[in-house]
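Participant: Here is my input, please return the structure:
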Amino acid sequence: MSHDPAKPPPPATPEPLPPPPTEAVARFAPEILSRLFEYGEQLAGAGVIRGLIGPREVPRLWDRHLLNCAALAEAIGEKETVADIGTGAGLPGLVLALVRSDLRVILVEPLERRCVFLQEMIRLFKLAPRVEVRRGKAHLVKPANADVVTSRAVAALDTLAGWSFPHLKIGGRLLALKGDRADAELAAAKTALAKWGADAEAEVITCGNDWLPQPIKVVRAPRRK
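Facilitator: Numbering: from 1, shown residues only. All right, here's what the predicted structure looks like:
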């Protein structure tokens, strides 16, 4: 029987998650690496089937997603509260919670199906109560009063500033993963950042310098007022 073109095709069998690369094995304790691998398997399986990530992302889950997000932990202090804006399937917020058991993490996400997945991951890894989900758009949910607000592939930095800074306590900081666009976006967003109370010393930093083949670029913007 031919497939009805009016209906979406049935999901393909998910591709298995590749084994951890050598830099991950060298970097993380076995129990942390085990959690990252199990989370990666969830993304490669349920995440693909439920449309949370694309199937083409599975072969590069480690280098493009899991390890890049884990490297951001280097810029976060001990026992800080992190709000991850537009976390999606938990990148980087859930990864940070898995590699840093001292952090409190608030996952902010508007889409219900993603929030359902996040709640499943919180139960799977027994992360409650230090990890919670707040469903809604960042500018509408309860302010997090966080030490750090993170984001990854959410919006241009000038827009992101308006969504992120209301969730920061005074003296906290925005950490936005921006890749090769980091310097250009920071230059273009100086006025918007100042409007929302960012310190003039906003800068681009790199994380993973001593262990990632390609360190990540992050816009770091402290809130002064």
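
Participant: Not counting its neighbours along the chain, what's nearest Arg27?
Facilitator: Trp211 (5.2 Å; CB to CB, 6 or more residues apart in numbering). In this view, the C-beta of every residue, glycine as well, is placed from N, C-alpha and C.

Participant: I figured Ala73 hits Arg100, correct?
Facilitator: Yes: if you go by CB atoms under 8 Å, Ala73 and Arg100 touch, sitting 5.2 Å apart.

Participant: Verify the contact between Ile32 and Leu98 for me.
Facilitator: Yes: here Ile32 reaches Leu98: they are 6.9 Å apart, a contact under CB under 8 Å.

Participant: Which one of the two is surrounded by more residues?
Facilitator: Leu98 (27 against 16; other CB atoms under 10 Å).

Participant: which ones are touching the more buried one?
Facilitator: Residues near Leu98 by CB atoms under 8 Å, 6 or more residues apart in numbering: 32, 35-36, 39, 125.

Participant: Give me the ChimeraX select line for those, limited to the buried ones.
Facilitator: This is how ChimeraX selects the buried members of the contacts of Leu98, with burial counted by 16 or more other CB atoms under 10 Å:
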select :32,35,36,39,125
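
Participant: The contacts of Leu98 into TSV, with extra columns for distance to Gly51 and pLDDT?
Facilitator: Formatted as TSV, these follow (distance: CB to CB, whole Å; pLDDT from 0 to 100):
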residue	distance to Gly51	pLDDT
Ile32	28	98
Arg35	24	98
Leu36	22	98
Tyr39	18	98
Phe125	22	98
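
Participant: So which of the contacts of Leu98 is the closest to Gly179?
Facilitator: Using CB to CB, Leu36 is the member of the contacts of Leu98 that sits closest to Gly179, with 20.8 Å.

Participant: I'd guess that closest one is in a strand, am I close?
Facilitator: No: under DSSP: H, G, I helix; E, B strand; the rest coil, Leu36 sits outside any strand and is assigned helix.
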